[in-house]
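# Generate a structure from the sequence data that follows.
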Amino acid sequence: MTVTEVAAERLIRIGEVARGAGVSVRAVRYYEQQGLLIAERSPSGQRLYRQDAIPLVRFFQQMFAAGLTSRRITELLPCWDSGHTDAEQRAMLRAERDRIQAKADDLQAALDRLDEVIAITDTHP
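Prediction:
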């Protein structure tokens, strides 16, 4: 993206980011405090973000829900930004994926058990 394109890009306010990502304004501020988001400031001091802040905040939400820390998410950001990784980053990505998959497997096993209980209770009045 050229400097002219960046300058022409419409910046959005914190409320727009929050609404677009389905989070609170407080959450957006937290991500900024953690160094996950960068805001520019308007002449009146309002936080302004690039349009790509919305999918980025959604990504943060997904990663937090999966159990990643803000520190680990910070380590993932270069992968998100560039699409390129080194061997250490790829190993970290795979380890996180394996951990999340194990968590998903555990949740699926719990869901299967609940389905069994529901099926049993459905046969009794």
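
# CA atoms for contacts and neighbours, from now on please.
Noted.

# Give the other helices and strands that the longest helix anywhere in the chain contacts.
For the chain, the helix that runs over the most residues, judged by DSSP state H, is helix 87-122. With contacts defined as 3 or more CA pairs under 8 Å, 6 or more residues apart in numbering; DSSP states H and E, the packing partners of helix 87-122 are helix 70-82.

# picking that back up, and the longest helix of the chain, what's buried?
Of the residues in helix 87-122, those buried under the neighbour-count criterion (16 or more other CA atoms under 10 Å) are Leu93, Glu96, Ile100.

# tell me the mean pLDDT over the helix or strand containing Gln62?
Using DSSP states H and E, Gln62 maps to helix 53-65. Across helix 53-65, pLDDT averages out at 94.

# Centre of the chain to that helix, how far?
Between the mean C-alpha point of helix 53-65 and the mean C-alpha point of its chain there is a distance of 2 Å (CA atoms, centre = their mean, to the nearest Å).
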